[in-house]
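*Asks:* Sequence and predicted structure, then a few things I'm wondering about:
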Amino acid sequence: MSLIEWDDRFSVGVASVDYEHRGLIALVNAIHDRLRRPGAEDAVPDFLGEIYARISAHFALEERLMQEKHYDHYTDHKADHERLLEEIRDMMDDYEDNNFFNEQQFSEKLQTWFTEHFSTHDARLHRNLD
């Protein structure tokens, strides 16, 4: 079962960014599915590390594009990126310290963040890059 379904409203109209958005959604869905299987607890650090690395790389691409285009809401957009990365780092630290991971909470957080970010920050970015 997919956690996040691609929706055309997530498109920013920049092929490389949209491609990565689709890839991130596919990764989130794959990790969500794997974490729901028995015995997945042992793979949590790898899952969190993989999602953190891929999301960080995507944010770097998006932020470079915004800087090149002198995007007027760069600071707010970047701050939202940093907020998600910090939340993922906190989950990684919590897991390392307590060996506890709440898959449902993680999945809900990602789903909410992606859909809200795509429909607000990225939608605004799309309108300003046209």
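*Replies:* Cool, got the structure.
*Asks:* What is the worst-scoring helix or strand of the chain on mean pLDDT packed up against?
*Replies:* Scoring the helices and strands of the chain by mean pLDDT, DSSP states H and E places helix 123-129 at the bottom, with a mean of 74. On a contact count with 3 or more Cβ pairs under 8 Å, 6 or more residues apart in numbering; DSSP states H and E, helix 123-129 meets helix 44-68. All C-beta spots, glycine's among them, are computed from the backbone N, C-alpha and C.
*Asks:* which strands and helices sit next to the helix it packs on?
*Replies:* helix 15-35, helix 74-98, helix 123-129.
*Asks:* Would you confirm that H117 contacts D80?
*Replies:* Yes: counting by Cβ atoms under 8 Å, H117 touches D80, with 6.0 Å between them.
*Asks:* So, low pLDDT: which residues of this structure?
*Replies:* 1, 129-130 (pLDDT under 70).
*Asks:* Which residue lies nearest the spatial centre of it?
*Replies:* I55 (5.2 Å; Cα atoms, centre = their mean).
*Asks:* Contacts for the least confident helix or strand of the chain next, please.
*Replies:* With contacts defined as Cβ atoms under 8 Å, 6 or more residues apart in numbering, helix 123-129 is touched by 9, 11-14, 62, 65-66, 69, 71-73, 77.
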